[in-house]
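Participant: Just need the structure, nothing else, for what follows:
(one chain, ligands or ions: 2)
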Amino acid sequence: MEVAIIGITGYAGTVLYELLTNHPQISQINLYAHNLTQSTPLGKITGQFSFGEQIVYPYDAQQIMENNDVVFFATPAGVTSKLAQPFLKQLFPVIDLSGDFRLNDPKQYEKWYQKPAANEDELKSAYYGLADLQNNDDQKYVANPGCYATSILLGLAPLVQNDLIQPDSILIDAKSGFSGAGKKLTTMNHFVNAHDNLQIYKPNQHKHIPEIMQKLKEWNQNVDYIQFMTTVVPMNRGIMSSIYVQIKPKIRFQNIQDAFKTCYQNSPFVFTTPNLPTVKEVVGTNECHLGFSYNPKTNYLLVDSVIDNMIKGAAGQAIQNLNQLFHFSITDGLKLTPTLP
Ligand SMILES: NC(=O)C1=CN([C@@H]2O[C@H](COP(=O)(O)OP(=O)(O)OC[C@H]3O[C@@H](n4cnc5c(N)ncnc54)[C@H](OP(=O)(O)O)[C@@H]3O)[C@@H](O)[C@H]2O)C=CC1
Ligand SMILES: CC(=O)N[C@@H](CCC(=O)OP(=O)(O)O)C(=O)O
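Facilitator: Ligands and ions are numbered 1, 2, ... in the order given. Okay, here's the model as predicted:
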């Protein structure tokens, strides 16, 4: 099959391209960029010698639909919902890495993203592709989940779905590498601020809160809020979400372990680990590792959830969604090993 990528000059687009070049079902990857007037070699645009002569074409929705079987948007929120219009109208398969179609409610989108939302029918027709927990049967428009949201929802699903925790006790302290913020230079990611430093940002105001809440509510009506802190740490890739929850009376730690085992027993990508996992063990892979520490005095459980934000949190999960959409093997293009040391 032939696939199109929009956003090849960004971080998520680059990783997606890299992964798709090793996907056994993809015969051709076609790249398109919004600011080109003529076809240009990718190596010339990015200055990366290794990209060689792969051509990038000027953006043209009609041509993309004629020459491809599916399109990936690795473009910013606010931009994607506009670019996606012709594809939505023609029910052309889209896998969208942005946040534009993750929320069902346009008012929620406008509140958290502070941008105009797509229309309500379009939002409702989109499919939130949390690929390790559900299967996509012929849904056309896939909204690929956010990186923090993925690590947190995978860490909370067995607990919330099985009603094992106090629903008002969820505290999350999430740490991310700088690639999560995309390639734009900002005060926070300027070397002098980023290196040798820790920076909390958007405390309880992060745009992944409504996305996480939407899913938690679907799983368990009793969850009304979460406490959510985000910190950037001086590394390129990776997320560690430290999720603290109080477990319900009469629930034993063994019940918790059993719930995780059952939930992920058929998953090739989500694992519980005997020790608290580190970020390095998943960077370069599409895996999520989940480890636990239980304090019987406070009845608080720590779930330590680690992923590579660029793969499980973006491009890798997008490929899982591709595999589901086209009924390919679930691990196609995703047999990866961690980048060590
Ligand atoms: N980085 C991450 O860890 C994750 C990112 N995502 C999402 O993936 C998407 C891409 O993120 P990321 O790669 O980090 O961002 P970058 O800022 O690194 O890249 C953005 C890409 O979008 C292109 N672009 C910008 N404006 C337009 C436009 N008006 N029309 C068409 N293309 C445009 C840019 O092209 P140019 O450079 O030529 O302007 C660039 O290729 C975002 O929606 C992000 O939220 C999701 C999960 C994780
Ligand atoms: C470190 C950092 O800045 N991370 C990004 C997370 C980006 C992400 O997951 O993607 P979406 O923008 O698609 O939701 C942030 O906090 O906004």
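Participant: Tell me which stretches of this protein form helices.
Facilitator: For the chain, the helices defined by DSSP state H occupy 11-20, 42-46, 61-67, 80-83, 85-89, 106-113, 120-125, 147-161, 191-194, 208-219, 253-263, 316-325.
Participant: hey, least reliable of these by pLDDT?
Facilitator: Mean pLDDT across the helices of the chain is lowest at helix 42-46; the value there is a mean of 90.
Participant: Pull the distance from that helix to the chain's centre.
Facilitator: Counting by CA atoms, centre = their mean, to the nearest Å, helix 42-46 is centred 26 Å from the centre of its parent chain.
Participant: swap in stretch 151-170?
Facilitator: Mean-position distance between stretch 151-170 and its chain equals 19 Å (CA atoms, centre = their mean).
Participant: same check, this time on stretch 134-149
Facilitator: 9 Å.
Participant: For residue 115, which non-adjacent residue is closest in space?
Facilitator: Spatially, and ignoring its direct neighbours in sequence, residue 115 is nearest to residue 78 (4.1 Å; CB to CB, 6 or more residues apart in numbering). All C-beta atoms are positioned from the backbone trio N, CA, C, and that covers glycine.
Participant: how about the residues of the stretch 101-250 of the chain near ligand 1?
Facilitator: Selection of the stretch 101-250 of the chain residues close to ligand 1 by CB under 6 Å from any ligand atom yields 146-147, 179-180, 182-184.
Participant: Buried ones among those residues?
Facilitator: Among these, those classed as buried by neighbour count (16 or more other CB atoms under 10 Å) are 146-147, 179-180.
Participant: Adding distance to ligand 2 as columns, could you present the residues you listed in TSV?
Facilitator: Listed next are those as TSV, based on distance: CB to the nearest ligand atom, whole Å:
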residue	distance to ligand 2
146	3
147	3
179	8
180	3
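Participant: Farthest-apart pair in those residues, please.
Facilitator: Taking CB to CB, the two most distant members of these are 146 and 179; they sit 13.8 Å apart.
Participant: contacting residues for residue 172?
Facilitator: Residues near residue 172 by CB atoms under 8 Å, 6 or more residues apart in numbering: 152, 226-229, 241-244.
Participant: List the beta-bridge partners for residue 230.
Facilitator: Applying DSSP bridges to residue 230 gives these bridge partners: residue 174, residue 201.
Participant: Near it, how many other residues are there?
Facilitator: 23 (other CB atoms under 10 Å).
Participant: doesn't residue 204 make contact with it?
Facilitator: No: at 9.4 Å, residue 230 and residue 204 do not qualify as touching, with contact defined as CB atoms under 8 Å.
Participant: which residues sit in contact with the residue nearest to residue 115?
Facilitator: Residue 78 is in contact with 100, 113, 115-116, counting by CB under 8 Å, 6+ apart.
Participant: Show the buried residues in those residues.
Facilitator: 100, 113.
Participant: Including distance to ligand 2, could the contacts of residue 78 go into JSON lines?
Facilitator: Shown next, in JSON lines, are the contacts of residue 78 (distance: CB to the nearest ligand atom, whole Å):
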{"residue": "100", "distance to ligand 2": "9"}
{"residue": "113", "distance to ligand 2": "9"}
{"residue": "115", "distance to ligand 2": "12"}
{"residue": "116", "distance to ligand 2": "17"}
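Participant: can you redo the contacts of residue 78 as TSV with distance to residue 280?
Facilitator: Output for the contacts of residue 78, formatted as TSV (distance: CB to CB, whole Å):
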residue	distance to residue 280
100	32
113	32
115	35
116	40
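Participant: Out of the contacts of residue 78, which is nearest to residue 316?
Facilitator: residue 100 (20.0 Å).
Participant: show me what contacts the closest residue to the closest one other than its chain neighbours?
Facilitator: Nearest residue to residue 100 in three dimensions, chain neighbours excluded: residue 81, at 4.0 Å (CB to CB, 6+ apart). Residues in contact with residue 81, defined by CB under 8 Å, 6+ apart, are 98, 100-101, 117-118, 122.
Participant: Residue 25 now?
Facilitator: Shown in contact with residue 25 (CB under 8 Å, 6+ apart): 1, 326, 328, 332-333.
Participant: and it, how far is that from ligand 1?
Facilitator: 23 Å (CB to the nearest ligand atom, to the nearest Å).
Participant: For that residue, grab phi and psi.
Facilitator: phi -100, psi 0 (degrees, to the nearest 10).
Participant: just to revisit the earlier point, which of the contacts of residue 25 has the largest number of neighbours?
Facilitator: Going by other CB under 10 Å, residue 333 tops the contacts of residue 25 with 22 neighbours.
Participant: near ligand 2, which residues of the stretch 201-341 of the chain show up?
Facilitator: So the stretch 201-341 of the chain meets ligand 2 at 208, 230, 232, 313 (CB under 6 Å from any ligand atom).
Participant: so which of those comes closest to residue 18?
Facilitator: residue 313 (15.2 Å).
Participant: neighbours around the closest one, how many?
Facilitator: 28.
Participant: Need the pLDDT of it.
Facilitator: With respect to pLDDT, residue 313 has a value of 98.
Participant: Let me see the contact set for the nearest residue to it once chain neighbours are set aside.
Facilitator: Sequence neighbours aside, residue 147 is the residue nearest to residue 313 in space, at 2.8 Å (criterion: CB to CB, 6+ apart). By CB under 8 Å, 6+ apart, the contact set of residue 147 is 176, 180, 239, 307, 309, 312-314.
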